[in-house]
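1. what's the 3D shape of this:
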Amino acid sequence: MNNVIKIILVLVFFGFQISSAQENNTIDYRYLWEEEKLAHDIYETLGEKWDLRVFHNIKQSERQHMEMVELIIREKNISFELFSERGKFHNKELQQLYDKLLAQGLKSPKNALEAGKIIEETDIKDLEILLMKEMVPNEKQILESLLFASKRHLAAFERKISQF
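-> This next block holds a predicted model:
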């Protein structure tokens, strides 16, 4: 009888751990999608303002990143309302970051590039943290692809900044 109780307690404990891990991934993927949207929305606005090709090119990539993360969200059946309106976010921290970086980027072309650099550095840091978590191989492959692209984007912004 004691063994049965121990087994039940172990199953309940591990079931709770798995549930908590899944909830953490849910939050991470929602945040990640909005982080990719933040980059897309800022690059779209700054591209219109300054007509710098780097923003136009990377904006398209960020749209693809959003779609890749959205695939994970849908595959995992994560409940999440995706805002399509430019500059609108569920996450208050991302909303504040968007407002701050957009205001910075609208001041000058160099400030716009610096805002892009900050966005990519933030993406890289967050993706590296996510990649330390356990996940299925296809999710890991998607996140590694996003990380690789963000590093390329960062290099592009750094090159353009060095020209000022």
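
2. from now on I want contacts and neighbour counts done on CA atoms only, so please keep to that.
-> Noted.

3. where does the protein have low pLDDT?
-> Across the chain, the stretches falling below the confidence threshold (pLDDT under 70) are 1-27.

4. the helices in this structure, which residues?
-> With DSSP state H as the criterion, the chain has helices at 2-50, 53-75, 92-105, 109-130, 137-162.

5. what's the shortest one packed up against?
-> Put plainly, it is helix 92-105. Contact here means 3 or more CA pairs under 8 Å, 6 or more residues apart in numbering; DSSP states H and E; on that basis helix 92-105 packs against helix 2-50, helix 109-130.

6. so for the shortest one, what gets flagged as buried?
-> Neighbour-count burial for helix 109-130, with 16 or more other CA atoms under 10 Å as criterion, is recorded at 109-121, 123-124, 126-127, 130.

7. re the thing from before, select, out of the helices of the chain, the one closest to Glu85.
-> Taking CA to CA as the criterion, Glu85 comes closest to helix 2-50 out of the helices of the chain, the separation being 9.0 Å.

8. spatially nearest residue to the residue nearest the centre of the chain (excluding sequence neighbours)?
-> Among the residues of the chain, the smallest C-alpha distance to the mean C-alpha position (CA atoms, centre = their mean) belongs to Leu32, namely 2.9 Å. Taking CA to CA, 6 or more residues apart in numbering, and ignoring the residues beside it in sequence, Leu32 has Val69 as its nearest neighbour in space, at 7.3 Å.

9. how many neighbours does that neighbour have?
-> Burial of Val69, expressed as a neighbour count using other CA atoms under 10 Å, amounts to 22.

10. what separation do you get for it and Ser61?
-> Note on Val69: its distance to Ser61, by CA to CA, to the nearest Å, is 13 Å.

11. likewise Leu46?
-> The span separating Leu46 from Ser61 equals 15 Å under the rule CA to CA.
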